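# No letters, just coordinates:
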Ligand code: SF4
């Protein structure tokens, strides 16, 4: 094709132009456009589908969950593994409960019943009382803190002068450490006890308006006050039943077969389960008295004790 200047002009291929189509100009594809051969296209499609199928097609169940279980505790069994374990636990618990019910009647060894022991203690100690002298909850708390690793008798010798000098938490909270120490020196561990008394008095002023709280958790948060001291205060100053597991009560309880535990908290739990709640404080005083008077640590007087059938008698 020539332009207006007579120059030959190269016609651009246009596939839509019927003239060009007639002259065969539109049949040639642009050099940049690469025609895919059916074979390579198929290969890409297959590769793509193949890659997809590798990802999306789920693996056999045996690969995901392992070999199919044949026992009844498998995923499709009537009970899952956890359920079966729960069932076993429940059965074990039921067995323990039954055992405990028997203990209610017979104590841990099944030789003496709790009633037999309580009756025995009532006969021997008809009027049990706290061995410490006190006139109010603050005095009992103070005396009980002093009684750690010390006899009640010794504490009772010391406290009259102490209570005269510091009659309430306010006076004790303002006292000089050495003044308290001088008054309690003969009780042993007097420096630590004096510090605990002063801190406890301050906390009673800060937290409880200068009063002793009738609450176990509030009491055990005070310095020098553990569960044993707290239970003494609750039982004897407020009439709230508590079991005071000291060295005597723990030992005698084990000998009588009421518990096997040597830790005070564990023994307290065991005893709380089998001793009627209304008897806790009374039982504590009776057992402590019995441990001091007859069932001592080194030489228990089993022949003179009178508790027939006591398992501790056979062991000693
Ligand atoms: S019989 Fe012996 S071991 Fe048992 S309570 Fe009496 S003194 Fe203790």
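Everything's here; your move. Source: prediction; values computed, not measured.
# for the stretch 1-150 of the chain, what are the low-confidence residue spans?
Along the stretch 1-150 of the chain, segments meeting pLDDT under 70 span 1-110.
# Report the contact partners of residue 232.
If you count contacts by Cβ atoms under 8 Å, 6 or more residues apart in numbering, residue 232 has them with 130, 132, 140, 144, 242, 244. All C-beta spots, glycine's among them, are computed from the backbone N, C-alpha and C.
# Any buried residues in the helix or strand in which it is found, and which?
Using DSSP states H and E, residue 232 falls within helix 227-237. Of all the residues in helix 227-237, those buried under the rule 16 or more other Cβ atoms under 10 Å are 227, 228, 229, 230, 231, 232, 233, 234, 235, 236, 237.
# what do you get for stretch 177-197?
Neighbour counts over stretch 177-197 (16+ other Cβ under 10 Å) mark 180, 181, 183, 184, 187, 190, 193, 194, 196, 197 as buried.
# Please apply the same query to stretch 286-305.
In stretch 286-305, counting by 16+ other Cβ under 10 Å, buried: 286, 287, 288, 289, 290, 291, 294, 295, 300, 302, 305.
# quick one: that stretch near the ligand?
Yes - interface with the ligand: stretch 286-305 contributes 294, 295, 300, 301, 302, 305 (Cβ under 6 Å from any ligand atom).
# if we can go back for a sec, can you list the contacts of residue 232 in TSV and add secondary structure and distance to residue 252?
Shown next, in TSV, are the contacts of residue 232 (DSSP: H, G, I helix; E, B strand; the rest coil; distance: Cβ to Cβ, whole Å):
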residue	secondary structure	distance to residue 252
130	coil	17
132	coil	20
140	helix	23
144	helix	20
242	coil	17
244	coil	12
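# Residue 113: neighbour count?
Residues lying near residue 113 (other Cβ atoms under 10 Å) number 16.
# hmm, I was thinking of residue 271
Neighbour count for residue 271, taken as other Cβ under 10 Å: 22.
# Which helix or strand contains it?
If you go by DSSP H and E, residue 271 is part of helix 264-274.
# and that helix, what's its mean pLDDT?
Averaging pLDDT along helix 264-274 yields 96.
# Kindly spell out which helices and strands sit in contact with it.
Helix 264-274 sits against helix 81-106, helix 227-237, helix 247-256, helix 280-293, with contacts defined as 3 or more Cβ pairs under 8 Å, 6 or more residues apart in numbering; DSSP states H and E.
# The third one vs helix 227-237, what angle?
Put simply, helix 247-256 runs at 100 degrees to helix 227-237, going by axes from the mean of the first three to the mean of the last three Cα atoms, to 10 degrees.
# contacts for helix 247-256?
Residues from elsewhere that reach helix 247-256, judged by Cβ under 8 Å, 6+ apart: 107, 112, 117, 243, 245, 259-262, 264, 267, 270-271, 284, 287-288, 290-292, 295, 297, 300, 307, 310-312, 315-316.
# and the angle from that helix to helix 264-274?
On the basis of the same axes, to 10 degrees, helix 247-256 is oriented at 60 degrees to helix 264-274.
# all numbers from here: first residue = 45
All right, first residue 45 from here; so that's helix 291-300.
# Go through helix 291-300 and flag the buried ones.
For helix 291-300, the neighbour count (16+ other Cβ under 10 Å) marks 292, 293, 294, 295, 296, 297, 298, 299, 300 as buried.
# For the nearest residue to residue 221 once chain neighbours are set aside, what are phi and psi?
Among residues not flanking residue 221 along the chain, residue 238 sits closest, at 5.7 Å (Cβ to Cβ, 6 or more residues apart in numbering). Per-residue torsions, residue 238: phi -60, psi -40 (degrees, to the nearest 10).
# Restricted to helices, list the buried residues of stretch 221-241.
Counting by DSSP state H, these place 224, 225, 227, 228, 234, 237, 238, 240, 241 in helices.
# returning to what we had before: same list, the buried residues of helix 291-300, but only the ones touching the ligand.
Filtering these for proximity to the ligand by Cβ under 6 Å from any ligand atom leaves 296, 299, 300.
# For the closest residue to residue 354 other than its chain neighbours, give its distance to residue 346.
Sequence neighbours aside, residue 300 is the residue nearest to residue 354 in space, at 5.8 Å (criterion: Cβ to Cβ, 6+ apart). Computed as Cβ to Cβ, to the nearest Å, the residue 300 to residue 346 distance reads 12 Å.
# Identify the contacts common to these two.
354, 356.
# check contacts around the residue in the stretch 195-344 of the chain that the ligand sits nearest to.
Going by Cβ to the nearest ligand atom, the ligand is nearest to residue 339 of the stretch 195-344 of the chain, at 3.2 Å. Going by Cβ under 8 Å, 6+ apart, residue 339 touches 292, 295, 296, 299, 345, 349, 356.
# Tell me if I am right that it is in a strand.
No - checked against DSSP: H, G, I helix; E, B strand; the rest coil, residue 339 lies outside a strand; its state is coil.
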